[in-house]
Structure formats: structure tokens, C-alpha cells
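> Sequence and predicted model, in that order:
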Amino acid sequence: MEMTNAVPAPQRGNKYQPVEAEHQTQKRERWGNHWEFLLASIGLAVGTGNVWRFPYLAQKNGGGAFLIPYGIMLLVEGLPLFYLELALGQRMQKGFLKIWSNINPHLFGIGVGQLIVSFQMTAYFPMVMTWCMYYFYLSFSNPLPWTNCTANASICCQEDSTAYYWYQETLQASSRIETAGSFVPGLTICWCIGWVFTYLCLFKGIKSSGKAAYFTATFPYFVLICLFVRGVTLKGALTGIAVFFTPDFGRLLDPIVWMDAAGQIFYSLSVGFGALICFGSYNPVKNNCARDAIVISCINCGTSVFAGVVVYSVLGFREETIGIAVEDVQSGPGLAFIAYTTAVAEMKLPQLWAAAFFFMMVLLAVDSEFGTIEACIGPLQDYKIFKKIRKELLCLIVCCILCVLGLPMCTQGGLYVFSIYDTFSVAIPLLFIGIAQCLAVSWIYGLERFNDDIEYMTGSKPHIYWQLCWKYISPILISVILLASIVKQCLSPAGYTAYVGCVEDPNTPGIPGNETWTEDVAYPGWGQAVGAFLVMFPVLPMPICAAYHFWMQRR
């Protein structure tokens, strides 16, 4: 099998200078300094999932005991792939499309898959920022709108005003995915404003996004510390924190716990999208990428635990004041827009703490969005057809396309469109890409060759631990997780949580309400088909491109 490389591999015993020689005539964007790279990478990795998904998973899967599988998965899955992607980009000094085709034309499909999954991610994930922007705007109202029921509000509002406001006023949610309904004005406006803001931060590439990271990556920590100080001083805070950390070691025998830990590590570190490869390619070749990978990954995981303390201190206060159990909480939107808003309404200066929380969530979401969109734009500019287009214009075109693609999520059925994307478009494709990356670098490019590359960049070869992870442990582990995910999907077809309203006043005639206001509904046939397409669209280019190049060689 013929192999073409972006840069020649180092030859033992020879003076090694090919990287500078090849790239000295090429204009490659650079970070303004190393701090910009670190902050942008931390912003990419640390997102809303650290605040609203990890705390829920920890409490659900054994409390403090969950930190054991979480830490193990970080060491054998998250860190090795994070390190591999940074090193690959830094060594090759190209976007991931060029890197994989230069290593071997058969691998071009890996880059195509990364590009597609990045587009799919950025088509729906900014909706999280939209919801947070809308609630940030509402936080300046006095009283907070989710604390009071209007004169024409349903009887359901008297039971739970925050849940009612989320479903009926914010989302204006329909009860089935088949009912798209009309556009929700507030969400549609925030969606468009969010994309304008994103473009203004990205149109100059890393020159603008790197500078923006000084604020967008650091200010959330300032807010989180303020929320921590306020949270731990609330009545009942220790009760909530105890629930978060109390270990249930018996849960470690459940394989689902380990699968949840592996999934959270994999996705929260943003490996597989190609964004880390792009970020690494903007670094100088001589840089200690191993140190960067360890520092950024540890900060990301430490933030998850710290955010869990903040969230559960507030939930403990909620139990103390209005009697809702700490354990009574959902992941994702249910945690941020129902559980947290219920608790913050009982605090002194509720507008201040609501605004601080949702502003932090906006910054966490937009920082992650910056990196993923860069993964959509950066690799394209390695090709002549796109080099002719100014980056400002290319960024505008990409942002406009993604803005239009996401508009259906601003309708009354938008929550269910978001659910389809969230269920199918990212999770399984990333597992395929993670396996392909490990195999491509270790077995096709050559692990010894990659070791020499890292030695040239950092001054020392990677420890045997990293080599074992890249070649054996990580791909085997990810394969097990992938197989378990596919089996789980086959045994229990995916569905969505539909809003049906309370018993006394159902949301839609003919669909009865219930005590939880929601019910699990299987996706219709067309929904399953859309889900299958979202899964296969990033995955199929890998075997198709490999088969095409193999066929071309045999001709």
C-alpha cells in the first residue's frame, strides 16, 4: 500500500529539519501566543455539558463512586486521543482533511467524516446558547417571569410555574414531533443574534477567536466561583453536596455506569471533531503538546466536578426551602431551565444570580461553538478552490448555512428536532472516528514514526503508556463502547420526551396529560430514518473513500 506523507518522517541519525523547510513558504495562521491556544482549547473542551450533564450522571451513577470510572476513562480514553489529535495537527501543520489524505489517500474519508460531524454538531448545538440567551434576557425582569402565573395561565402553572414557563411560554412546545407549529418569536430572534455574535468573533479566524477567548474562556470561571461562594452559604447546601458525593460502590458493577463515564469523557473533551487537530496546527512545530493535553484535559474534568458542587449546593437549598428532593432532577435542559430556575427564585437578589448563571452558560456554549466551526472552515482553506475565497466571506457563508439549517429548532416542535440531532448526529459517529484515528496513526502511519515526530516536537518520545493506549487499549475500549451503544439502540429503539401537560389541563386535545407532564414517545418511522441518516452520513465516507482509492489502484 503506497503511502504519501505531509512531511517526511524523521530518519535516525540524520539532522531533522523537514517541517520548517516544507512550511516556511506557506502562510499558516498562528495563535497570537500560547495563552490564546490554551484558553481557546479550554473553551472548546469546557462547555454546558460540564454544568448540566456531568453532575446529573454522577448523582445517577453512584455519586462519588462515579469518579472512579470517570477517572479511569480519562486516563485510557480521553487523554490519549486528546494528545494524539493535538500532536497530529502540530506535526503536520495542516487541517485534518489534508492530513489524512497525505498520510494515505485511503484515509481521506476520516477527514470527511470529521467535517460532516462538525457541521452536524454546529447545526443544532447553538440552540443551547439560544435558550440561555433568552433566559439571560428574562433574568432582568422583576419579578422573574417564571415565578408568577399570568391571568390567562393554565392551572398547570399553579402546580409548577418554572416547568410551565419553560414548556408553554419559552418553547410553546407541541406534544408530538409531527406537529412543527409556527416559529417562536423570542427564540428565533435569539437564534439569529447568536449567529451574528458568532460570526463577529470568528470572521478573522483565530486572530479574532483567540482574542475573544481571553474573555469567553475566563469569565465563566469567575462566575462559577461567585456561584460557588453563594451556593455553599445557602441553607441546605451541604445536603445537596452530600447527595452529589456520597458513594454507592455497588453501582460500579453496572456496565451502564462505565459506558456513561466513557461517553462523558469522550464527548466533553471534544475529541473526534477535528477541532483539536486544527488548533494544534496553528501552534509552532516545536511545542510540548503532551503537557498541553494533560493540562487542558485535567482542567476540563476538574471543572465538571467543581460545577457539580455548585449545582448540587443550589439543589440542596431547593430541597430545604420548597421540599423538592435533590435527586428529583433531569439532565440537560431540565436541570438548567427548571431545577436551577426554581431554586434561584428563592434566593435573595434572584435576578443577579439568574443573570450570572445564564450569562456563564452562554459563554460556555459559544466558546465550544467557536472551535467546532473552526473545524468546519479551517480544513477547507487548505484547498485551492477555497483559498480564493476570503476567510471573512467563507465564514459568513458557513454561518448563514448553519443558521438556516437550525431554524426548524425555533418552531414549536423545535425541542424534538433538537432531540433527534442530539440523539443521533454526534455520539455514534464520533466513536467510529475515534477508532479510525487510533488505527490510522498506530498501524498505517506507523507508531514508531509517530513517536519520532513527537520526539522532534517535544524533545522526548512519548511514554510507553501512551503508545499502548494508541495502539491497543483506546481502540479496543472505544470499540466495546460502540458495540454496547449499537446493541442498546437495537434493543430499545430511540425515542424522545414529549410535553403533554398536567392531568387537569393537557397540552393537546386527545393526548392526556400526566403527573410528570411528559411521556416517552418512540420516534415515528421517518424520524428513525432521519436518525439513521445522521449516524451514517459521517461514517460512510470512511469505507467509501477507502474502497474508491483501492479500486483506483487496482485499475
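Alright, I've got the coordinates.
> Now do the strands in the chain.
495-499, 518-522 (DSSP state E).
> any low-confidence regions in the chain?
For the chain, the stretches with pLDDT under 70 are 1-27, 330-332.
> For burial, what's the neighbour tally of the closest residue to residue 339 other than its chain neighbours?
Once flanking residues are discounted, residue 339 sits nearest to residue 329: 4.7 Å by Cβ to Cβ, 6 or more residues apart in numbering. The way it works is simple: take the backbone N, C-alpha and C, and place the C-beta from them, glycine included. Neighbour count of residue 329, defined by other Cβ atoms under 10 Å: 22.
> hmm, back to that, can I get the strands of the chain in JSON lines with mean neighbour count and distance to residue 366?
Listed next are those as JSON lines, based on neighbours: other Cβ atoms under 10 Å; distance: least, Cβ to Cβ, whole Å:
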{"stretch": "strand 495-499", "mean neighbour count": "20", "distance to residue 366": "26"}
{"stretch": "strand 518-522", "mean neighbour count": "15", "distance to residue 366": "29"}
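> now those in TSV, with distance to residue 102?
Formatted as TSV, the strands of the chain follow (distance: least, Cβ to Cβ, whole Å):
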stretch	distance to residue 102
strand 495-499	42
strand 518-522	44
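> roughly how far apart are the residue nearest to residue 339 and residue 202?
Residue 329 sits 34 Å away from residue 202, taking Cβ to Cβ, to the nearest Å as the criterion.
> now residue 327
40 Å.
> which ones are touching residue 237?
Counting by Cβ atoms under 8 Å, 6 or more residues apart in numbering, residue 237 touches 231, 313, 314, 316, 317.
> Please identify which pair of the residues you listed lies farthest apart.
The widest separation within those, taken as Cβ to Cβ, falls between 231 and 316 and amounts to 8.5 Å.
> quick one on the thing from earlier: out of the contacts of residue 237, which is most surrounded?
Going by other Cβ under 10 Å, residue 314 tops the contacts of residue 237 with 27 neighbours.
> Now it: closest residue in space that isn't a chain neighbour?
Closest to residue 314 by Cβ to Cβ, 6+ apart is residue 343, at 4.7 Å.
> How many residues are close by that neighbour?
28.
> going forward, begin numbering at 56 instead of 1
With 56 as the first residue, the last one maps to residue 398.
> ok, residue 208 - contacts?
219, 223.
> I'd like to know how far it sits from residue 392.
Counting by Cβ to Cβ - residue 208 and residue 392 are separated by 17 Å.
> go on, residue 282?
From residue 282 over to residue 392 (counting by Cβ to Cβ), the distance is 16 Å.
> re earlier: got a list of what the residue nearest to residue 394 touches?
Counting by Cβ under 8 Å, 6+ apart, residue 384 has contacts 111, 114, 370, 390, 394.
> Surely the second one and residue 366 touch.
Going back to what we said before, that points to residue 114. No: counting by Cβ atoms under 8 Å, residue 114 sits too far from residue 366 to count as a contact (9.4 Å).
> State the number of residues packed around residue 464.
25.
> again but with residue 154, I slipped
28.
> which residues touch it?
With Cβ under 8 Å, 6+ apart, residue 154 has these contacts: 61, 143, 144, 147, 166, 332.
> Turn the residues you listed into a markdown table, columns for distance to residue 319.
Converted to a markdown table, those look like this (distance: Cβ to Cβ, whole Å):
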| residue | distance to residue 319 |
| --- | --- |
| 61 | 33 |
| 143 | 24 |
| 144 | 24 |
| 147 | 29 |
| 166 | 26 |
| 332 | 22 |
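> Adding distance to residue 346 and neighbour count, write the residues you listed out as JSON lines.
Formatted as JSON lines, those follow (distance: Cβ to Cβ, whole Å; neighbours: other Cβ atoms under 10 Å):
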{"residue": "61", "distance to residue 346": "23", "neighbour count": "19"}
{"residue": "143", "distance to residue 346": "16", "neighbour count": "28"}
{"residue": "144", "distance to residue 346": "16", "neighbour count": "25"}
{"residue": "147", "distance to residue 346": "20", "neighbour count": "25"}
{"residue": "166", "distance to residue 346": "27", "neighbour count": "25"}
{"residue": "332", "distance to residue 346": "18", "neighbour count": "30"}
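> Take those residues and keep only those in helices.
143, 144, 147, 166, 332 (DSSP state H).
> So residue 211 is in contact with residue 217, correct?
No: with contact defined as Cβ under 8 Å, residue 211 does not count as touching residue 217 (11.5 Å).
> can you pull the contacts of the nearest residue to residue 167 once chain neighbours are set aside?
What sits nearest to residue 167 in space, not counting adjacent residues and going by Cβ to Cβ, 6+ apart, is residue 596, at 3.9 Å. By Cβ under 8 Å, 6+ apart, the contact list for residue 596 reads 163, 164, 167, 168, 171.
> can you rerun that using 7 Å?
164, 167, 168 (Cβ atoms under 7 Å, 6 or more residues apart in numbering).
> Make a PyMOL selection of whichever of those turn out to be buried.
A single PyMOL command selects the buried members of the contacts of residue 596 (16 or more other Cβ atoms under 10 Å):
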select buried, resi 164+167+168
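> Now distance to residue 133 too, for the contacts of residue 596, in CSV please.
Below are the contacts of residue 596 laid out as CSV (distance: Cβ to Cβ, whole Å):
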residue, distance to residue 133
164, 24
167, 24
168, 20
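> From the contacts of residue 596, pick the one nearest residue 118.
residue 168 (36.5 Å).
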